Structure formats: C-alpha cells, structure tokens
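Student: build the 3D model from these lines:
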Amino acid sequence: MATAVVVGTSIGSGIFKKPQAIAEHVPYFGLAALLWVLGGILVLLGALAYAEVAVLLPQAGGNYVFLREAYGRLAGFLWGWVDFCIIRSASLAALATIFTESLHDILRNETFQHAVGLPSGTHLGFWPQRLLTVSVLVGLAWVNICGVRWGGLVQLLITLVKVASLVIIAVLPFLVLADWLSAPTAPDFGNLRPVWPEDWHQVSLGGLGSAFLGVLWAYHGWMNLAPVAEEVRRPQRNIPLALLGGVAIIITLYLGANLAYYLVIPRAKMVELKQTSVATEFSLRLLGPLGAVVAAAAVMSSVFGALNGNLLVGPRLLYAMGNDGLAPHALGVVHPRYRTPALAIAVLAAWSSFQVVTVALLTWLGWLEERKSPFDRLTDFAM
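Tutor: Presented below is the predicted three-dimensional model:
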C-alpha cells in the first residue's frame, strides 16, 4: 500500500498530456527520452534523501514535521497553512474536476452512447458536473475517514488499474506490429527519427528547460508517502523500499508509454495536439472511435488514484499541526472508532469543495475563462 501511495499520487494526468509539450520543445526522440530518464534519476536521488529523513522522523505530517524540526515552528506553521489553503486543496479540486470532465467525455462520446444504449446527445450540464465533482470529493473523504486500510486498499486497487493502463499503452503498438491486433494506423519506427541532434547548436537550452519542467510535473507526487509515515508498519524497512521501488516503477512506465506514443504519432502531429491529449490521439489511431473512450477512462482512473492518494495523505498534515497547537486542537483528534483524523479529512475535503464551487461560480459569471484547464482556473482564483 505504501508503494501504491508513491505510484498512485505521482501518476496523474501528466503522462497522458505532457508528452505534447515536451515534443514541442525537443524535436529529437532520444533527447526527449533522456529528459524522462534524467527526471527519474533526479526523483530517485530525492527519494534516497527523503527516505533517510522519513525513517529518522516517521511521524504524521511529512514536510511539515521536517521543516518544524529543522527550522522551528514558524517554518512548519507557514508551510502547513500554505499547503492546506492552496497547494493540497487546490490540487484536490483540480483533480476532481479533471475526473468529472473525463467522465463527461465518455458519456458524450457517440460510439459509447451507441454501445451502451444511451440517448444521442447525452451529456452533463455545467452545474451537474460541479455537483458530481463535489460528490467525488465527499465520497472519497468518507472512504478515508472509515479507516487507513480502506483508503489504502482503494489506493492499491486504483494504482493497479492505472499501472495496467500504462502497460497496455506500452504494449499495444507491438501487438499491432506482431499482427495480433488490427489497427487503423500502423506503428512506425521511422517516427523515432531524428533520434539525436547532429548539431547541438540547434538545441535550445530554454526549450530543454521548459520540457524538463513538464517531465518534473509528471513525476510530482512521489514524496506523498511521508505524511502517512507514522502509519506505515516497519518504517525503517518499508519506507525506503516503497519510495525506491515506486520511483523505479514510475520511470519504467513513463519510458514505455512515451516510446509507444512516438511509434504511433509522428512528432510533428504530436506538437499540433493542442485541444486533445496525446493518449486520446494514440488511442484513436490504434483503436478507432472507441479509443477516445478508452483514453478518457485511463485518464479518469489515473486522476481518481491521485485524488484518493492526496485525500489519504493531505489531512495528516492538519492532524500534526492540530497536535502541535499550530491549528485548532480538534484537527489533531483521532476518531474513536475509525482511528483516523476524521475532522481533518472532512475539513480538507470541504475546503476543496468550496474552491470547486467558487471557481465554478466565477466561471459561470464570466470572471474566469472556462476554456482554461482546471489548474489554470484555480491559479487565477488564488491570484
């Protein structure tokens, strides 16, 4: 379950969408793959250092505890409230919104409607989508209130689903090449060329930097094990194993998925994918019209796992602050039956739901742009 937290909170929407931005800035497959490897190595080094600190301080709260012990209560106080008010809560709101939008993409797909017998033109309206988003947050909050085992089990199952989806993405082109599967588009190893720049003067350092930021975004989340370190059995053994094993799994999956994307989608076409994800285009080319449904389902399950993982680990910071007197004491109370920080979980879910409703209201009034991504809209709201 600890490894599932590392993998599940890292693999979100990034691997399905960020390859487009990386292809736009880096016109060489070998160099793009190297960036994914370097990002993984950087995260692996971070995981080594993080594992050592987490083993020394296996307490609920993660970064809050480390900052408090290293730099004092003020540093912990500032980090804790910024994490709660903006970082964690806005991420939860955005992830829940992406989950609902992916479900909406499935429901309004004409091929899916015909396959399951839904009326033509079925879709979710603006406010029903927001109601569903809040319902997802509340439902997952209740699961995590009911016990760490339940939240961890959900995380494990969803992580297995998202890992399986990335494995399928990596394998599909080779199934087509082996004539085990027929597809509208045949994978082509020629799409990998040019593998490497002949003249390094043609490589932009700014482009490499921008692409590397996209890589780091896709890897973000690996450190989310620390806030629940207190609840990990045999932390001196299992925390390092979960961090290192989880990061190794992520690197392997990301490299396999990117190879599959490039085999099916020429880089020039990938750069043009502004309105749809790389995973959706990949699925359409190999699976036909139903591919859009498959891609949306993969994104939905992946985001759902990241959402549950953040609801599992995020409230532990509020719990630790409540115990230290840097937040209301009630947040540091464990539920007598479920043995979880129930109030901290409920407060974080409620604050994220409030952000969803507020951003929806501002968008509905025309004060925020609806065409922006959930993360961009929440950033505008925060500003």
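Student: so where is the stretch 51-200 of the chain shaky, pLDDT-wise?
Tutor: Scanning the stretch 51-200 of the chain for pLDDT under 70 picks out nothing.
Student: all strands for it, in order.
Tutor: Under the criterion DSSP state E, counting those that start in this stretch, the stretch 51-200 of the chain carries no strands.
Student: so which residues of it form helices?
Tutor: 63-71, 73-82, 89-107, 110-116, 126-145, 148-177 (DSSP state H, counting those that start in this stretch).
Student: got the contact list for residue 96?
Tutor: 133, 134, 136, 137, 307, 352, 356 (C-beta atoms under 8 Å, 6 or more residues apart in numbering). Heads up, the C-betas are built off the backbone N, CA and C, glycines and all.
Student: picking up where we left off before, make CSV out of the helices of the stretch 51-200 of the chain and add distance to residue 251.
Tutor: CSV is the format used below for these (distance: least, C-beta to C-beta, whole Å):
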stretch, distance to residue 251
helix 63-71, 23
helix 73-82, 28
helix 89-107, 22
helix 110-116, 33
helix 126-145, 28
helix 148-177, 12
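Student: which one of those helices lies closest to residue 303?
Tutor: Comparison of the helices of the stretch 51-200 of the chain against residue 303 by C-beta to C-beta identifies helix 89-107 as nearest, at 4.8 Å.
Student: tell me how far the closest one is from the chain's mean position?
Tutor: How far helix 89-107 lies from its chain's middle: 11 Å, per C-alpha atoms, centre = their mean, to the nearest Å.
Student: circling back to that earlier point, buried deepest among the helices of the stretch 51-200 of the chain, which one?
Tutor: Most buried of these by mean neighbour count (mean count of other C-beta atoms under 10 Å) is helix 89-107; its value is a mean of 23.
Student: how many degrees apart are that one and helix 126-145 in direction?
Tutor: If you take axes from the mean of the first three to the mean of the last three C-alpha atoms, to 10 degrees, helix 89-107 sits at 120 degrees to helix 126-145.
Student: could you dump helix 89-107 to CSV, C-alpha only?
Tutor: Extracted in CSV, the C-alpha atoms of helix 89-107 (Å, rounded to 0.1, in the frame of the first residue of the first chain):
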residue,chain,number,x,y,z
SER,A,89,-6.7,21.7,-1.5
ALA,A,90,-6.4,23.3,-5.0
SER,A,91,-4.8,20.2,-6.3
LEU,A,92,-7.7,18.1,-5.0
ALA,A,93,-10.2,20.5,-6.5
ALA,A,94,-8.4,20.4,-9.9
LEU,A,95,-8.0,16.6,-9.9
ALA,A,96,-11.7,16.1,-9.0
THR,A,97,-12.6,18.5,-11.8
ILE,A,98,-10.5,16.6,-14.4
PHE,A,99,-12.1,13.3,-13.2
THR,A,100,-15.5,14.7,-13.9
GLU,A,101,-14.5,16.2,-17.3
SER,A,102,-13.1,12.8,-18.3
LEU,A,103,-16.3,11.1,-17.3
HIS,A,104,-18.2,13.7,-19.3
ASP,A,105,-16.0,13.0,-22.3
ILE,A,106,-17.0,9.3,-22.1
LEU,A,107,-20.7,10.0,-21.7
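Student: for stretch 184-204, measure first residue to last.
Tutor: From its first residue to its last, stretch 184-204 covers 35 Å (C-alpha to C-alpha, to the nearest Å).
Student: next, the buried residues of that stretch.
Tutor: Within stretch 184-204, the residues scored as buried using 16 or more other C-beta atoms under 10 Å are 185, 187, 191, 192.
Student: wait, doesn't the third one sit right on residue 263?
Tutor: Yes - A contact is recorded between residue 191 and residue 263 when judged using C-beta atoms under 8 Å, the distance being 5.9 Å.
Student: show me the contacts for the nearest residue to residue 57 once chain neighbours are set aside.
Tutor: Computed as C-beta to C-beta, 6 or more residues apart in numbering, the closest residue to residue 57 that is not its neighbour in sequence is residue 65, at 5.4 Å. Contact partners of residue 65, counting by C-beta under 8 Å, 6+ apart, are 57, 59, 76, 226, 320.
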